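*Asks:* quick one: sequence plus predicted model below, questions after.
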Amino acid sequence: MSSISERFVIHGGQRLHGTVNISGAKNAALGIIPAALLTDETCRIENIPDISDVKTMIRILEHIGATVERPEPGVLLINAANVRSDIPIQDDLTRRLRASYYLLGALLGRFGYAEVSMPGGCYFGIRPIDQHIKGFEALGATVTTEGAVIRAEAADLLGSSIYMDVVSVGATINLLLAAVRARGVTVIENAAREPHIVDLANFLNSMGADVRGAGTDVIKIHGVDKLHACCYSIIPDQIEAGTYMVAAAAAGGDVLVNNVIPKHLDSITGKLEECGIKVIENDESIRIMSDGSRPKAVRVKTMPHPGFPTDMQPQITTLLSVCKGTSSIVESVWDNRFKYVDQLRRMGANITVSGKLATVSGVSVLHGAPVDVDDLRAGAAMVIAGLMAEGTTVITNIKLVDRGYESLVEKLTALGADIRREQYEEE
Ligand code: UD1
């Protein structure tokens, strides 16, 4: 049976010029939207990115009884007065995105009961949730799994000290969501420090929560009885900004990446400068200038924030595929995040992978080819490869890219790229 799918067609070799405006942060939105379930009053959330993961999260909220209005583009009004925690959230919704597991923390915090099917998301090795469960249990919840369903319940959530064995963005967010309404004080040690954790904490505080220390590795939460309505604007997307920075470096040109928090981009800026790219930092924008010459070889190691983000690893590896010399990339967050390298090889890249290490022997140029996408950021990397390659690149399975990049084709076209989205019949 055939079905209609979409693909990107890119004619490479165009320099990029102009300004690109960065949207609200996907990973902040995916924590903050479920956080609105913690009150029965209406929350207004601005700078919401128009991406499919957000649409899925909204469907999950509506499924359990929330009303979600979109009075203007980029704005959501969420009211969770009629939400029920006893409506199971099944896997036809949860498997579409990783962040569906934030419903566990949010519903546990609000009602003391949550029932959610196992989350989906990109596959880059085993993605355990033991730290989430350990944290919920420390707060006094009983967590059981039956098949694909996870149930968490607590007659009374009690603040507690939780030491995380690994630095986990998802577990830190989930525990924040549950702990803001627990009785007493919760301390999360070895917490993740990503910008979207700070954004979630700021959102919760604007609802009346008492969260301190977000952005450091110790977060202290004084539980409160009630949270209230608020109005909040989400931070710009660090990874979308980084993707356009690398795209400009790879294709060459002069691009102003606008509406960013430059501090969030330090590790990416630093690495591009090491590659020989000119980067100018302004208050709310970053300008990338490149004459299109091959980058210098560098070493990259992904780390939790403030280290180099794993969600930028496929993009920087793609830029380095044409470096002068030999670069090495160590993926220290995930076990299996180099699958996309096979696709880059089809375009002429010379990259060998051994476990968590990729060694890139720079080639002078990539050549357009048909390539497939198997996760969101790998998709962004294929787009960058297509922009820098000679000839035509056709990228399939782009629904994964739509999960996290708002108006990608429109934004790149405005910069002068030759990229279009087209439908085709898939066998
Ligand atoms: C989030 C991001 C994802 C990003 C990742 C790392 C969202 C929706 N997704 O994913 O895009 O790639 O952070 O920045 O925000 N771990 C455990 N036990 C746990 C949880 C995690 O061992 O209970 C391990 C994981 O296997 C991994 C590491 O901790 O090796 C980091 O995972 P984590 O930060 O939780 O990633 P996510 O929150 O899933």
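*Replies:* Yep, that arrived.
*Asks:* list the residues that contact residue 166.
*Replies:* Counting by C-beta atoms under 8 Å, 6 or more residues apart in numbering, residue 166 touches 131, 190. For the C-beta atoms, the positions are set from N, CA and C on the backbone; glycine is no exception.
*Asks:* ignoring the adjacent residues along the chain, who's closest to residue 413?
*Replies:* Once flanking residues are discounted, residue 413 sits nearest to residue 419: 6.3 Å by C-beta to C-beta, 6 or more residues apart in numbering.
*Asks:* run through the bridge partners of residue 327.
*Replies:* Beta-bridge pairing for residue 327 (DSSP bridges): residue 360.
*Asks:* dump the residue contacts of it.
*Replies:* Shown in contact with residue 327 (C-beta under 8 Å, 6+ apart): 297-300, 320, 359-360, 362.
*Asks:* for these, pick the one with the most neighbours.
*Replies:* residue 320 (30 neighbours; other C-beta atoms under 10 Å).
*Asks:* separation between that one and residue 13?
*Replies:* Going from residue 320 to residue 13 by C-beta to C-beta, to the nearest Å gives 19 Å.
*Asks:* which residues of the stretch 251-400 of the chain lie near the ligand?
*Replies:* 310-311, 333-334 (C-beta under 6 Å from any ligand atom).
*Asks:* the stretch 101-250 of the chain now?
*Replies:* Taking C-beta under 6 Å from any ligand atom as the contact definition, the stretch 101-250 of the chain meets the ligand at 127-132, 166, 168-171, 192.
*Asks:* okay, the helix or strand the residue nearest to residue 413 falls within in PDB with CA atoms only?
*Replies:* Residue 419 belongs to strand 418-426 when assigned by DSSP states H and E. The C-alpha coordinates for strand 418-426 follow below in PDB (Å, rounded to 0.1, in the frame of the first residue of the first chain):
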ATOM      1  CA  ASP A 418      17.300  26.600  -2.200                       C
ATOM      2  CA  ILE A 419      15.100  24.200  -0.300                       C
ATOM      3  CA  ARG A 420      11.500  23.100  -0.800                       C
ATOM      4  CA  ARG A 421       9.100  20.600   0.800                       C
ATOM      5  CA  GLU A 422       7.300  18.300  -1.600                       C
ATOM      6  CA  GLN A 423       4.900  15.500  -1.300                       C
ATOM      7  CA  TYR A 424       5.600  12.000  -2.800                       C
ATOM      8  CA  GLU A 425       4.000   8.700  -2.800                       C
ATOM      9  CA  GLU A 426       5.700   6.200  -0.400                       C
END
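*Asks:* distance from the chain centre to it, please.
*Replies:* In terms of C-alpha atoms, centre = their mean, to the nearest Å, the centre of strand 418-426 is found 25 Å from the chain centre.
*Asks:* likewise stretch 277-288?
*Replies:* From the chain centre to the centre of stretch 277-288 is a distance of 22 Å (C-alpha atoms, centre = their mean).
*Asks:* for it, buried residues please.
*Replies:* 277, 279, 285-288 (16 or more other C-beta atoms under 10 Å).
*Asks:* need the max-distance pair from those.
*Replies:* Pairwise distances across the buried residues of stretch 277-288 peak at 15.8 Å for 277 and 285 (criterion: C-beta to C-beta).
*Asks:* how about the strands in the stretch 1-150 of the chain?
*Replies:* According to DSSP state E, counting those that start in this stretch, the stretch 1-150 of the chain carries its strands in the segments 3-11, 16-21, 43-46, 67-69, 76-79, 113-117, 142-146, 149-153.
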